[in-house]
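> Sequence below, structure please.
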Amino acid sequence: MTTAWAESPLQLLGVLEHAAMAETAAEHPDGIAVIPRSGDAQLARTVDAAELAGAPALARLGIDRPLLPVGRFRAEGRWIIGDPFSGQVQARLARVEPSALTLVDDGAITRHLAALLATGSPLLRPGAPAPALRRSLGATTTRTLLRLAAEGRLHVTTYLPPHEQAVERLRGVGAIVHHHDFAWTRSAGQAAQGIPTAHRIVLGTAAVADGRRSVEEHLGWLRGIARTGPVSYLPHRREPVRVLRALELERHVHLRPATLPIELALGGTTRPLDIISSPSSAIETLERVLAGTGSCIRLDPIPVLSR
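Now for the predicted structure:
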């Protein structure tokens, strides 16, 4: 059986989209055992939502684990991975090699992956610390992925369109690229349930949690939007509690719980949605999820306050 490891809600959606496309494919004759990483409340709820909605027939949703279960990721097995930059994943690839490896999206970092493979550079996250041991592990992972690709054993399932430079780069190194448009996510989506029709939707962000934006900057931005009419705010799963508590006091902000990833929370809507977001890869995924609904997704960068 193929084994999949999902460390984020979007990775899980990628695994399920892959399973939905591969319903009759011979590469997963015994199905796909999907193992989510524990410790992420939204990921756990996404698993529950997938089970209730009816996960693709090939997917067998398993018990969450705190660490990658190495016993399930054996040599010569078939693996599906959402984050090839993960230290756990790279450590396992340095020890054993799968017979076939499928990578699914975890947002726009797929473009970074493609650029590194095209140049043969170590697989390291952009901006992350890179001590010698980490660089060595990243270089080993790059060599492994390039070897798998050259032998026709590396697949990538992505929402990026075929004409994307990243897709061309992946194909250039020999990867077999499959494309999806979130069809399963739309079929299982919550269709903006509980969001008033008259409300604009504002997407939350991890920028405060990551230290790229102050609480005051973020709240000031949101208050400015709310002055022109009521909004429903969909927090990011890593939004700080102090931000959420402050938003609960805002008169014209309807705070929604961060129960599910926005692709699943809004997917399946039959009415046009008016969505506002600061820069985020979620804009890109939502454009695909909401295609054909008449929804408007507007980018509204947050002005940085003077220090």
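
> Report the contact partners of Val89.
5, 68, 81, 83, 141 (Cβ atoms under 8 Å, 6 or more residues apart in numbering). In short, each C-beta sits where N, CA and C put it, glycine included.

> How about the contacts made by the fourth one?
Listed by Cβ under 8 Å, 6+ apart, the contact partners of Asp83 are 7-8, 11, 89, 106.

> can we see that at 10 Å?
Contacts for Asp83 (Cβ atoms under 10 Å, 6 or more residues apart in numbering) come out as 5-8, 11, 37, 89-90, 103-106, 109, 113, 125.

> Tell me if it really is in a helix.
No: Asp83 sits outside any helix when classified using DSSP: H, G, I helix; E, B strand; the rest coil, being coil.

> coming back round to it: any idea which of the contacts of Asp83 is closest to Leu58?
Within those, the smallest distance to Leu58 is 13.8 Å, found for Val104 (Cβ to Cβ).

> What helix or strand is the nearest residue to the closest one once chain neighbours are set aside located in?
With sequence-adjacent residues excluded and distances taken as Cβ to Cβ, 6 or more residues apart in numbering, Val104 is closest to Gly14, at 3.1 Å. Using DSSP states H and E, Gly14 sits in helix 9-21.

> what's the model's confidence in stretch 115-126, averaged?
On average, the pLDDT along stretch 115-126 is 96.

> how far does that stretch stretch from start to finish?
11 Å (Cα to Cα, to the nearest Å).

> how about the strands of this protein, start to end?
Counting by DSSP state E, the chain has strands at residues 2-6, 32-36, 59-61, 78-81, 100-104, 154-158, 176-179, 200-203, 231-234, 253-255, 274-277, 296-299.

> now, among the contacts of Val89, which is nearest to Ser278?
The closest of the contacts of Val89, once distances to Ser278 are taken by Cβ to Cβ, is Asp83, at 23.4 Å.

> Could I get the phi/psi values of that closest one?
Backbone torsions of Asp83, given as degrees, to the nearest 10, read phi -140, psi 90.

> buried set for stretch 234-254?
234-237, 239, 243, 246-247, 253-254 (16 or more other Cβ atoms under 10 Å).

> Show me which of the residues you listed is closest to Ser280.
For these, the nearest to Ser280 is His236 (8.5 Å; Cβ to Cβ).

> Nearest residue to Gly189 in space, please, no chain neighbours.
Gly267 (2.7 Å).

> And that neighbour, how far from Pro261?
9 Å (Cβ to Cβ, to the nearest Å).

> do the same with Arg37
Taken as Cβ to Cβ, the span from Arg37 to Pro261 is 15 Å.

> okay, the two: which has more neighbours?
Pro261 (26 against 22; other Cβ atoms under 10 Å).

> OK, contacts around the more buried one?
8-10, 12-13, 42-43, 45-46, 49, 185, 234, 236-237, 267, 282, 285, 289.

> mind checking how far it is from Gly107?
From Pro261 to Gly107 the distance is 11 Å (Cβ to Cβ).

> quick one: common contacting residues for the two?
8, 10, 282, 285.

> Could you give the separation between the terminal residues of stretch 277-292?
Stretch 277-292: ends 20 Å apart by Cα to Cα.

> sorry, that was for stretch 80-96
OK, stretch 80-96 end separation, Cα to Cα: 14 Å.

> looking only at pLDDT, what's the mean for it?
Average pLDDT, stretch 80-96: 97.

> in that stretch, what counts as buried?
Those would be 80-86, 88-90, 92-93, for stretch 80-96 by 16+ other Cβ under 10 Å.

> What are the buried residues along stretch 58-73?
Quick answer for stretch 58-73 (16+ other Cβ under 10 Å): 58-61, 68, 72-73.

> for stretch 286-306, same thing?
Using 16+ other Cβ under 10 Å as the test for burial, stretch 286-306 gives 286, 288-290, 293, 295, 297, 302.

> now His28, nearest residue through space, not along the chain?
Nearest one to His28, counting by Cβ to Cβ, 6+ apart, is Thr2 at 4.8 Å.

> Ok, Ser295 next?
Among residues not flanking Ser295 along the chain, Leu273 sits closest, at 4.2 Å (Cβ to Cβ, 6+ apart).

> From Gly14, how far out is the one you found?
23 Å.

> between these two, which one's more packed in?
Neighbour totals were compared for Leu273 and Gly14, and Gly14 leads with 29 against 21 (other Cβ under 10 Å).

> and that one, what pLDDT?
97.

> and what of Arg307?
Value for Arg307, per-residue pLDDT: 39.

> again, but for Val304
51.

> hang on, the earlier thing: now do the contacts for the residue nearest to Gly189.
By Cβ under 10 Å, 6+ apart, the neighbours of Gly267 are 13, 182-192, 260-261, 285-286, 288-290, 293.
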